[in-house]
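Enquirer: This is a predicted model, with the sequence first.
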Amino acid sequence: MKNSNKYLILTLITFIVGYFFLRYAYLASNEIPFAQEMVLIVLGTIVTIVITAALLNKQSEVEIEKEQRIKLFDFKSNLYFELIDFIEKVMLKSEITSSDLIALEFLTHKISIIASADVLVVYSKFIEVVKKTSLDEKISKLESQELSEILAKLCGEIRYDLITKEGTNSNVQHIIDGNIKRISKNL
């Protein structure tokens with residue numbers, strides 16, 4: 001059970017016990033009004049402390065979750081940019097060596113830890129294209145275009161993995177694909 005729920009239950013118990021105690025103390029100190037006021041002050045202080053503790057605890061939980069999301073976002077974005085930088089270097093030298101495949105294998109392991117299921121599906125297709133391209137080690141113009149197209153699809157999924165938790169927006173994916181095709185035609 002979360003701590004905030006424990007504090008809420010503790011508050012409820014305090015109210016119930018406090019009500020019965022207040023009722024008893026109020027009736028028992030009917031002739032001494034000062035005692036009645038002291039009972040009310042103590043009960044109010046206890047309730048205030050419990051409610052404040054519950055609110056502070058909930059705020060701490062929210063802050064911890066926020067920090068975890070920020071760290072995960074940073075890790076994901078750095079890893080995705082590392083992949084894109086790696087592919088850029090490979091395509092600029094127009095060849096895929098065995099050491100490039102080993103580096104890509106380790107990037108794949110890292111990506112498999114943090115990527116969403118949608119990213120992993122498209123990444124699998126991307127790996128197939130890379131593997132097919134690496135058979136002759138040279139990257140032809142056609143293979144370069146094919147790599148760019150599948151990388152565009154992968155970037156669309158990565159974008160939604162980083163920005164939202166919803167599925168891929170086909171409009172944005174269509175725009176990304178169109179941009180890559182326009183660039184590839186000029187090469």
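Expert: On my side now, so go ahead. Numbers count the residues shown, from 1 in each chain.
Enquirer: which residue sits farthest out from the middle of this structure?
Expert: In the chain, E31 marks the outermost C-alpha relative to the chain mean, sitting 61.8 Å out by CA atoms, centre = their mean.
Enquirer: Need the three-state assignment for it.
Expert: Three-state call for E31 (DSSP: H, G, I helix; E, B strand; the rest coil): coil.
Enquirer: and what of the one 3 residues further on?
Expert: When the structure is reduced to helix, strand and coil (three-state DSSP), F34 reads as helix.
Enquirer: How many neighbouring residues does it have?
Expert: Neighbourhood size, F34 [other CB atoms under 10 Å]: 8. The C-beta positions use only the backbone N, C-alpha and C, and glycine is treated the same way.
Enquirer: Tell me the pLDDT of it.
Expert: In this model, F34 is scored at 71, pLDDT.
Enquirer: Tell me how far it lies from F20.
Expert: In this view, F34 and F20 are 21 Å apart by CB to CB, to the nearest Å.
Enquirer: go on, Y7?
Expert: Going from Y7 to F20 by CB to CB gives 21 Å.
Enquirer: who does the helix or strand harbouring L27 touch, helix- and strand-wise?
Expert: Per DSSP states H and E, L27 falls inside helix 3-28. Under the contact definition 3 or more CB pairs under 8 Å, 6 or more residues apart in numbering; DSSP states H and E, helix 3-28 sits against helix 33-93.
Enquirer: so when I look at E143, I'm seeing a helix, right?
Expert: Yes. The assignment for E143 (three-state DSSP) places it in a helix.
Enquirer: for it, what are its contacts?
Expert: Shown in contact with E143 (CB atoms under 8 Å, 6 or more residues apart in numbering): K132, T133.
Enquirer: at 6 Å instead, please
Expert: When contacts are counted by CB atoms under 6 Å, 6 or more residues apart in numbering, E143 touches T133.
Enquirer: And for the one 3 residues further on?
Expert: Under the criterion of CB under 6 Å, 6+ apart, the contact list for E146 reads V129.
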